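[1] I'll drop the sequence and a predicted model, then ask my questions.
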Amino acid sequence: MSNAVLHLVGAAVGEGASDGGCKWGAAALREHGIAQALAATGRTVTWGDTVTAQPMLATSRLNAIEGFSERLAGTVAQVLRQNQQPLVLGGDHSCAVGTWSAVAEHLRPQGALGLVWIDAHLDAHTPDTSDSQAPHGMPVAALLGHGSVGMTDLFGWRHKLRPEHLVIIGARSYEPAETALLDSLGVRVMFMPEVLERGFAACFDEARTRVQAGTVGWGISFDLDGLDPRDAPGTGTPVEQGIRLADALQVLAGCSQDPQFVALELTEYNPLRDFGGQTAQAATDLVCSMLAPQANALGLAA
Ligand SMILES: NC(=[NH2+])NCCC[C@H](N)C(=O)O
């Protein structure tokens, strides 16, 4: 789908996290010139609406995220109906509920969605298990069909993702309830020690093969905190010892050229912690590497 128009959607949400700074992430990336950088790779780029969470219209934080998810899902579904490729720019990671529910809904007549989830966290809490009650710790569970109905049942159906169609890479900060849920469902999680031992390239290769099996389309939800904070300090909840940016740039280069690649989401950019703009540049380089029409458009190996 790499010749499709690339349609950027801002997800202005920070209410899903304890530190709300990610709400300003998409606006800051836009200011930084992410759309121009993508256009310079040869893609045709358009920036559609930014969807903004509206806590003042909600009864609780969770309810604010539920309402936001529904509106973001509507926007992403519309982009897909126009045969454009969505790039959703967060925003805290609760935006994944809206993004991937819409992609799953779009693919549903043909088949299932596959998803590679790159993240320091598992985001597999439900409101019953989360100590922080932060909705950005819940999107994986919601997409798998567990959690509040307002997050699990967008478009009137549940289980947007089947456990065997999801792979999580880079996890290193999580709570026991999350591993309990994912273990019980049989989700393949590549924790950070495995990534360090086998290398990100081998891990991503396995992940891509798994999410392509039995699905009709796949995508990547990239939480910037999956990267090492030395390369990307400006994230909502940084955790030491992550994936190095140089590895990610090389391994993910051109991944969107796969005809089954449907959408990309980049989350948890927190400009309030990004002194000097290092993380904005890392985010820009990453999306350009993944979405460039040729893998070598940036001089990177295929
Ligand atoms: N997408 C994220 N950054 N998630 C962080 C979640 C942190 C913690 N596990 C929680 O549930 O509160």
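    Received, thanks.

[2] ok, stretch 23-40 near the ligand or not?
    No: using Cβ under 6 Å from any ligand atom, stretch 23-40 never reaches the ligand; the gap is at least 12.0 Å. C-beta coordinates here come from the backbone N, C-alpha and C atoms, glycine included.

[3] That stretch: how far from the chain's middle?
    Taking Cα atoms, centre = their mean, to the nearest Å, one finds stretch 23-40 lying 16 Å from the centre of the chain it belongs to.

[4] if you go through the chain in chain order, where are the helices?
    Ranges of helices in the chain, per DSSP state H, are 25-32, 34-40, 61-81, 95-107, 139-143, 149-152, 176-185, 192-198, 200-212, 245-252, 278-291.

[5] Does anything pack onto the fourth one? Which helices or strands?
    Going back to what we said before, that points to helix 95-107. Applying 3 or more Cβ pairs under 8 Å, 6 or more residues apart in numbering; DSSP states H and E, one finds that helix 95-107 contacts strand 6-12, helix 61-81, strand 85-89, strand 113-118, helix 139-143, strand 217-223, strand 261-267.

[6] Is the fifth one in proximity to the ligand?
    No: using Cβ under 6 Å from any ligand atom as the criterion, no contacts between helix 139-143 and the ligand are found, and the smallest distance is 7.5 Å.

[7] got it, and stretch 81-94?
    Yes: using Cβ under 6 Å from any ligand atom, we find that stretch 81-94 touches the ligand at residue 93.

[8] Same list (the helices and strands packed on helix 95-107) but as TSV, adding mean pLDDT and mean neighbour count.
    Below are the helices and strands packed on helix 95-107 laid out as TSV (pLDDT from 0 to 100; neighbours: other Cβ atoms under 10 Å):
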stretch	mean pLDDT	mean neighbour count
strand 6-12	98	26
helix 61-81	98	21
strand 85-89	98	26
strand 113-118	99	28
helix 139-143	99	31
strand 217-223	98	26
strand 261-267	98	27
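
[9] Just put the ones you listed in a markdown table and tack on distance to residue 232.
    Output for the helices and strands packed on helix 95-107, formatted as a markdown table (distance: least, Cβ to Cβ, whole Å):
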| stretch | distance to residue 232 |
| --- | --- |
| strand 6-12 | 18 |
| helix 61-81 | 23 |
| strand 85-89 | 15 |
| strand 113-118 | 12 |
| helix 139-143 | 20 |
| strand 217-223 | 10 |
| strand 261-267 | 11 |
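
[10] quick one on the thing from earlier: most neighbours per residue, which of the helices of the chain?
    Among these, helix 139-143 has the highest mean neighbour count (mean count of other Cβ atoms under 10 Å), at a mean of 31.

[11] how close does residue 279 sit to the ligand?
    Note on residue 279: its distance to the ligand, by Cβ to the nearest ligand atom, to the nearest Å, is 14 Å.

[12] Good, wrapping up.
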